[in-house]
Every structure is written in C-alpha cells, then in structure tokens.
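> using only what follows, build the 3D model:
(chains A and B)
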Protein chains: 2
Amino acid sequence: MQKPSIPKGTRDFGPAQVARRQHIFNVIRRTFESFGFAPLETPTLENLSVLTGKYGDEGDQLLFKVLNSGDFAKDVTAGDLATGSKALLPKVAEKGLRYDLTVPFARYVAMNRGTLTFPFKRYQMQPVWRADRPQRGRYREFYQCDADVVGTDSLLCEAEIVLMIAQVLGGLGLHDFTIKINHRGVLRNIYQALGGEGRETDLFVAIDKLDKIGRDGVTKELLERGFSEPTIETLFALLGVEGDYEQKLERLLAGFVTAGVEPDGPRPDATEETEDAANYRGLTELTTVRDLLVASGFEQFDRLEFDPTLARGLSYYTGCIFEVKINNVQMGSVSGGGRYDNLTGSFGLPGVSGVGFSFGVDRLYDCLEALDLFTATAETPTRCLITHFDAASGRAALPLLAQLRAAGIPSELYPDATKLQKQFKYADAKGIPLVIVLGPEEIAAGVAKIKIMASGTERVLPLAEVVAALTAE
Amino acid sequence: MQKPSIPKGTRDFGPAQVARRQHIFNVIRRTFESFGFAPLETPTLENLSVLTGKYGDEGDQLLFKVLNSGDFAKDVTAGDLATGSKALLPKVAEKGLRYDLTVPFARYVAMNRGTLTFPFKRYQMQPVWRADRPQRGRYREFYQCDADVVGTDSLLCEAEIVLMIAQVLGGLGLHDFTIKINHRGVLRNIYQALGGEGRETDLFVAIDKLDKIGRDGVTKELLERGFSEPTIETLFALLGVEGDYEQKLERLLAGFVTAGVEPDGPRPDATEETEDAANYRGLTELTTVRDLLVASGFEQFDRLEFDPTLARGLSYYTGCIFEVKINNVQMGSVSGGGRYDNLTGSFGLPGVSGVGFSFGVDRLYDCLEALDLFTATAETPTRCLITHFDAASGRAALPLLAQLRAAGIPSELYPDATKLQKQFKYADAKGIPLVIVLGPEEIAAGVAKIKIMASGTERVLPLAEVVAALTAE
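You can find the predicted model right below:
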C-alpha cells in the first residue's frame, strides 16, 4: 500500500476545471477556424535528433528524455559512466517529449513538403513538457495553442493575428488588454541611429530587460557593453517616443532621418502595396498593418500599442513581433508571436517564411479566475437529476430519462433507490440545476415534480409535458 | 542538416485526419455527457511508483520511463551498471508515461477521496503510451476514451453502458455491430458445474482463447491442465447454449440446476430489485440488465448478444463484462469493459467498486475509413475563399471577410495578389467549397461572383446580399 502522488509541476484537472479549460480551447479553436486555420496534431514523443539543439543549451537541459525500451543499459560501459550523464545520454535515450509546438510544426512541414499546399495555415493545441523548476504559474506539463501561416509574406497575416487576439480575448470576456506590436526592422533602425555595428544582439538583450531592470539598469548594462552615454541618450529618445500608433510612427521616422539612418528600402518581394511606401521597412510594414486593420473594421486601436521597446528576446523573429498583456492582473504575457524568415532551415528546407503566434492557456485560465470571469462551476454536465424512490418508480423513470437525453438535456437517474435527502445532496454537490422527483405518488398521478435547485422553487407538471417544458427553457 | 523523422509507432495527424478524429471524439463526448459523465484529465507523466506493478510483468516492460532531469547518472556506480538495466532503472528514472486511463483514475479517486461526491461518474479521453512492437492497427501512442461510475452497485450502470455503446456507434454511422455481454458469475457457475476447484483461472485463460485457437485447441489445453474429457464435454455444452438472450439465460439456468451447481444467492447488498430474483447471481444480473434496457426503450436486442464464452482475459472484472465488434470489418474489438470490486485497493482505499468501459478511437477511425463512412475530407475548416486580385481590391474585400466570419462562416482572403488560377488551385487542393471572386470589375459594379467548386456553377450577387445568401445555405 502506497500513498499515491503526481509528479511535481503536473496537475489533475477535475470536472469543473476541464469544463473551464474546454471553454478556453473552444473560443480559441472557433477563432482559429473562423480565420481558416486548419488543425494539426503531432506526437508527444519526438526523436531527440529533432529536438536537441533547437532551444539553446538551457532548452536541451530542460527537455524530458525517454529511456529506450528494453535493456536500455546494454551498450553502456563503465567508461561511458565515468564520462558523465551528458556523454551517457545518447546511449540510453533516443526520444524526448514535445518541448514546444514550433519545432514539431517545422519538422512536419519539412517532412511533408511535397504534399502540402502553400500558404499553409495550421493551428495546434497540445501540451508541452519542460523540466523547469515548478513555481506559481509555471508547470512542467502545460498547453500551448499556436497558429502559423507559412509560405506567404502578406502583411494581412499580421493584421489577422491582431484580429484573432482581440476576438479570443473578447470571446473570453477579457476586454481590458493591451496588444503590443513592434518590428525587428524598427529595432534595427534604432540600432543604426546609434551608429553601432555588429552589436545588435547586445542591444536587443539589454532592451528586452527594460521591463525588469528599468532605464537605469539598461543604461548600466549598455555602458558596460561599451555604448557611449550620448548613444544611450539617443537610444532612449527613440525608444521613448510618445503618442498614439500613428504619432509614434511619424516621430520615429523623423528620428531616423535626423540620425541619418540609411533607408533599407522596400522588401525584395515588394508588391504595389509596399513599393511606394516610406523606405524604412519596419515603419512601412507597421503602417500597412494598421491600414489593413482599419479596412477590416478593427475598432480597438486603444488596445493596440506600437511599443518600440518590445524585443521578444533572442528568438528567430525577423519582422513584426507581438506580445499581449491582460491589464489589472498580475500575470506575464498571455500571447505572443512574430514573423520569421526561416522556419525549417535546420530540417533541410530553407526559405520557409511565415508568421505565427501562441496563446498560453494556463495563463488565460489564471487571468479568468483572478477576474472571476468563469461562469460554469458545475462538477458535471448533468442538467437534470431524476430521483430514485424504489425499484418500480426507478424503472418507470427510464422512458423520461431517455426522452430528456434525446432532447439534448444531459440527465441522470440516481443509480440507487436511497433516501431522497441523499439524492438532493448529490445534486447540490455536483451543481445539477434541476431535480425531478418521480415517486410512486407522482407516477400514480401522471405528474413529475420539478425543483430548481438554485431558488428552491418547485412546480408540478404532467409527465408528458416535462421534456417540452425543459427544452423550451 | 538532418532528415527529420518521427519515432516508430507514432503519427502526425494532418488537418483532414484531425477533423475526422475530432468527429469521433465529439460523438463520444456528447454521449458521455448526455449520460451525466463528467470529464477528468490526468497528467501524461505519472510517478513510476504509481504505474509499476499494475499491469503485470509485461506491462512493466512496456511502460515508457522518463529519465530524471539534470545529472541523471550521478548516483549510478559501476556496480549498479554490472547488475543490469532492471536494477539501474530506479536510480535514473522516477517518472513514466500514462499507460492506460484506469490506473490514473484510481490514483485520482484515492487522492481525492475526501472531496469527491459518490457515485462519481467520470469520462476521460487522453492518449496513452506503450512500448509495444508497432504493427498494423497497433501504435505506441494512441487514444483511449473511458467512462466509469464508481461508488454504486446499481445495474442501471451496466444497462447504460449498452445504451451508450449503441448511441456512439449509431452516431458514427456504424449500425452493424455486436455488443457481447457476459458475467463473471456465469463463468464461475460454469466452472462449478464442472466440479472443479481452485483452477478457475486455468479455465478462464483457456476459454479466452476460444476465438483464436478454436474448440480443438482449447480442449487440448484443458486436457493438458488436467481436466477430464467428460468435464470438457459438459463445458462446451454449457458454453454452446443456443438461442436469443432470454433462451440462453433459461438454458444455462437449467444446465446449472442439472449439474447441481450451488446457487450463490442474492448479492449481500441486494435491494428489492434483486432479492427475490433467481439465485445464480450472474444470470440474475444479466436478466435485470435486459429488463432495464427494455424499460429504457432499447430496441437493438438483435445487436446485443449474451455470450457465455466471453471472458475478457484475466483482468480485475467481477460482474458483467462487455466487448464490442463492428461486423464486416477486419478489426479487433472497438470497445470493452466490465464491473470491478476493488479499483483503488492498491492505493490504500479498499472497497471502491464500479463499472466502466472504453472506446478505442484509433480502431473506430480505421473502421469508419474501411467502411467509407467519413464525409469530411477538407484540409481546412475554411468554407469560403475570397480571391485577391490586387492591393486595392484585396482591401475592398476586408469588410466582406469580416462579415462572413462574424456570420459564423470560416473564410479567408487569399493572402497575396497573384494569378487567379493559382488561387483556385489553392481552394481546390484544400477542399474549400466556395470561391468569391471580387476583382476591380465586380467592386465597381457592387457585386461578387460566387463559384461553387464542386459543380463549377457561378452566380453573381449584389455585394450587400452575399453574407445573407451564404448564411441561408
């Protein structure tokens, strides 16, 4: 006999939690599908040859590795053992658990290049695993919901990401949010305005910490990295431009011109849409995204903030980048993403560009809970419990039970003939809203007594009218 | 650069496959919920202390074990290595992947005994992993869909399992099926009729192979195990009773009486329902289940077969057992289950009895495919593609696009202004049923041309009427 437990950083989801999580998944799925994204599912187990080296050294550490089945240690020698875990690993494990949804997607696109029709719009809602130190809001097993379009450079995709984020959050009742948008080209132009060369990464890393360590901290770090004080002054003047989306675009443009930043010109693939536009690619594209949103009827520009300080770490983004915060909740970003130039290069298929973003379901859940926005709290889908008085009336209830279910009303007959009080307690504990009392008296009279649990009100209806009455409600 | 691959026995599911699988999950989920089963989800990772020893020696072999994170080999000595993989395992792995849904459910019930309201009706639809040799129809990562009721002995649960199986299969369009039902008590009585003692397991194991090795094979095996020829004769007479459900019940009853089988009497927990019934528990309960089905309006008795040879291996079942075959398809059982007395005993909570069953989604999928019963074949949820002629008409299409989506019609504007032929090819390859042509001419005339891809027919509608017309269809 053992006391059972579950691994650190994992969770059971009971009925009420699953129902609430399903609500989030449904809103996201409906939105993704409404925009024409098609579902993809990849295996939990991936070959370590696919996963390793894709997430940096830290990521490789955080991968869960699966022991080879059978006699896993048969090829291990005492010499291997002496060299330590890292050298030993390839001899005992060749598979790992999915770490994110992007690498499996890239692997899928590379493997199926011959049969896929591009542009390929896929969404994926699956759990991922990371051997991270568990803490509040950080789990070892958690869900990601990604949507990506690959095979097109159209900025319509960026505009639609904004539309989808707003639709999902609105659909969840989360109306007070901020979608931050920036463009790697803007960061590059800012860097050029500083006159630097070859230290772009240093700058991005420092800017990315602005939220955490503040202006003083970033200044200190940039000084240490060899940036001059006037340069840093210029940097913060550019990063600190004020105003709305349009004003910031104008002021940055002025700043770039003043600083003598070389225009990078239209994109090599420029269409009519971009060729005659201003010649700083980042600003141009951010303008186009805004115009496409206006044309699409987007009305929430107060929730869309062009934030030149948004950097999104060191990831592989090359164009627009996004990050979403729910206001008035202590919670990291609930969504983020951006455009990339080379999704599948490491799988031998270069040049697959695209744009994608991701929702963190566990964070959305925590926000909805913090803001008390969940309505469903029942521990069961059952809407209607029929009481079980004795064997005969229990059987007499079976046709009604079948009719309720056929009418789309999830229903139960309490399985045992036992005290009514116990049956009402059951309905109460599970959050079943309606109880139908059907004892020998009711059956003899051809009626049923319906009790609304929330209010305690009761009414008596002819048995033949019960289903129609409940269906109408 | 590497050629990417996925592990043996795992699969990617592309858009059309996910949509088809979702259809199966939806039918099962709707049915389970309609009967008042509430969803539960447990972690993929379970402690090996929970999993090990629950599935027999073979099961322990087939468990996927997850390497401890960090320096997993730090406690391993050369001496450990010499003792081999089995002795090494506890030092390098403490977690494994979910192997079925029953053990995690038992673990959950034991861990949450204090807060759960019984009877507890839960369903669970999640993947499981087994390091089995992959072969046709057998995967290393596959889904199970289980429903169990614990905390009641009511035979209503058994009757409802039959109803749910019939409803799910009907909902999937699988109308030609056979639900086999038997009762461990019937097998016990048959065993008693043979006059044997203490070799019940030998008998069950042999009977379980009847399908595979036939009567001759079973006879040979029983002779080897020391059963006499007349005994085996009696056995096959009892197993071979003919007729419909009721006739078999009657004939077995007569056989037991003739053979002098001691009646085992009503169950200790007998209610009115069972106390005055015939005294062979298996036959009694099978009679009650049939009566409850009749009272529920079940009309498919031609698809419900009482099969005294059904044994369901050596699992922990103690009452009714079920197994379901789709006829006219080469495929093992697609569903099975039964009643058990002691779900959570190994987790320190004895006496939790219940009844449950499981659908194999991958087998249902294969049956539906073999019988050509899938209707959805599209590679996208998109119902409507708007063509993109040039930048101006692309923008002019955005309000229509937003209206279509708001009306619940998943829609796309082709992201790039490119050749119309390419855009139609895209719609065709993805299975998008409708294409709306909206070029400069149409926009100037305030109309849209709608092409139905399947028939090739086109019609022209005023732009303002498009959404209403498509919504009506």
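> wait, residue A:407 sits on residue A:470?
Yes: counting by C-beta atoms under 8 Å, residue A:407 touches residue A:470, with 7.5 Å between them. Every residue, glycine included, has its C-beta placed from N, CA and C.
> which of these two has more neighbours?
Neighbour totals were compared for residue A:407 and residue A:470, and residue A:470 leads with 19 against 14 (other C-beta atoms under 10 Å in any protein chain shown).
> ends of stretch A:132-148, what's the gap?
26 Å (C-alpha to C-alpha, to the nearest Å).
> any residue of that stretch up close to chain B?
Yes: on the criterion C-beta under 8 Å from any C-beta of the partner chain, stretch A:132-148 is in touch with chain B at A:140-141.
> and that stretch, average pLDDT?
Mean pLDDT, computed over stretch A:132-148, is 92.
> then stretch A:243-260?
Averaging pLDDT along stretch A:243-260 gives 93.
> and if you look at stretch A:108-118?
pLDDT averaged over stretch A:108-118 gives 95.
> tell me if it is near chain B.
Yes: for stretch A:108-118 and chain B, the contact criterion (C-beta under 8 Å from any C-beta) is met by A:108, A:110-112, A:117.
> same deal with stretch A:302-321?
No: residues of stretch A:302-321 contacting chain B under C-beta under 8 Å from any C-beta: none, with a closest distance of 14.1 Å.
> quick one: end-to-end distance for that stretch.
With C-alpha to C-alpha, one end of stretch A:302-321 sits 18 Å from the other.
> tell me the buried residues in it?
For stretch A:302-321, burial by neighbour count (16 or more other C-beta atoms under 10 Å in any protein chain shown) applies to A:303-312, A:317-321.
> quick one: distance of it to the chain centre.
Centroid separation for stretch A:302-321 versus its chain: 17 Å, with C-alpha atoms, centre = their mean, to the nearest Å.
> thinking again about what came up before, so which of the buried residues of stretch A:302-321 are in strands?
A:304-306, A:317-321 (DSSP state E).
> how many neighbouring residues does residue A:79 have?
So residue A:79, with other C-beta under 10 Å, has 9 neighbours.
> ok, and does the one helix or strand it maps to reach over to chain B?
Secondary structure assigned from DSSP states H and E places residue A:79 in helix A:78-83. Yes: Helix A:78-83 is in contact with chain B by C-beta under 8 Å from any C-beta, via A:78, A:81.
> just checking, what packs against that helix?
Packing contacts for helix A:78-83, counted by 3 or more C-beta pairs under 8 Å, 6 or more residues apart in numbering or on different chains; DSSP states H and E, involve helix A:85-92, helix B:78-83.
> by contact count, what packs against the longest one?
On a contact count with 3+ C-beta pairs under 8 Å, 6+ apart, helix A:85-92 meets helix A:78-83.
> and the contacts of the helix it packs on?
Contacts to helix A:78-83, defined as C-beta atoms under 8 Å, 6 or more residues apart in numbering or on different chains, come from residues A:87-88, A:91, B:73, B:76, B:78, B:81.
> where's residue A:122 relative to residue A:105, distance?
Look at residue A:122 and residue A:105: by C-beta to C-beta, to the nearest Å, they are 7 Å apart.
> who touches both of the two?
A:40, A:148.
> roughly how far is stretch A:338-345 from the heart of the chain?
Chain-centre distance of stretch A:338-345: 19 Å, with C-alpha atoms, centre = their mean.
> end to end on that stretch, go ahead and measure it.
With C-alpha to C-alpha, one end of stretch A:338-345 sits 17 Å from the other.
> which other residues reach that stretch?
The contact list for stretch A:338-345 (C-beta under 8 Å, 6+ apart) reads A:102, A:105-107, A:109-110, A:148, A:150, A:157-158, A:184, A:312, A:315-322, A:350-357.
> which of the residues you listed are buried?
Buried among the contacts of stretch A:338-345 by 16+ other C-beta under 10 Å: A:102, A:105-107, A:109-110, A:148, A:150, A:157-158, A:184, A:312, A:317-322, A:352-357.
> what residues sit buried inside the helix holding residue A:79?
A:80-81.
> likewise stretch A:279-297?
Result for stretch A:279-297 [16+ other C-beta under 10 Å]: buried residues A:280-290, A:292-293, A:295-296.
> which of those residues fall in helices?
By the criterion of DSSP state H, membership of the buried residues of stretch A:279-297 in helices covers A:281-290, A:292-293, A:295.
> how close does the residue nearest the centre of chain A sit to chain B?
For chain A, residue A:359 is the residue whose C-alpha lies nearest the centre (C-alpha atoms, centre = their mean; 1.5 Å). Separation of residue A:359 from chain B (C-beta to the nearest C-beta, to the nearest Å) stands at 18 Å.
> state whether that residue is indeed within a strand.
Yes: assessed with DSSP: H, G, I helix; E, B strand; the rest coil, residue A:359 lies in a strand.
> correct me if wrong: it contacts residue A:335.
Yes: counting by C-beta under 8 Å, residue A:335 is a contact partner of residue A:359 at 4.9 Å.
> what do the two both touch?
residue A:168.
> phi and psi next, for residue A:148.
When read as degrees, to the nearest 10, the backbone of residue A:148 gives phi -140, psi 150.
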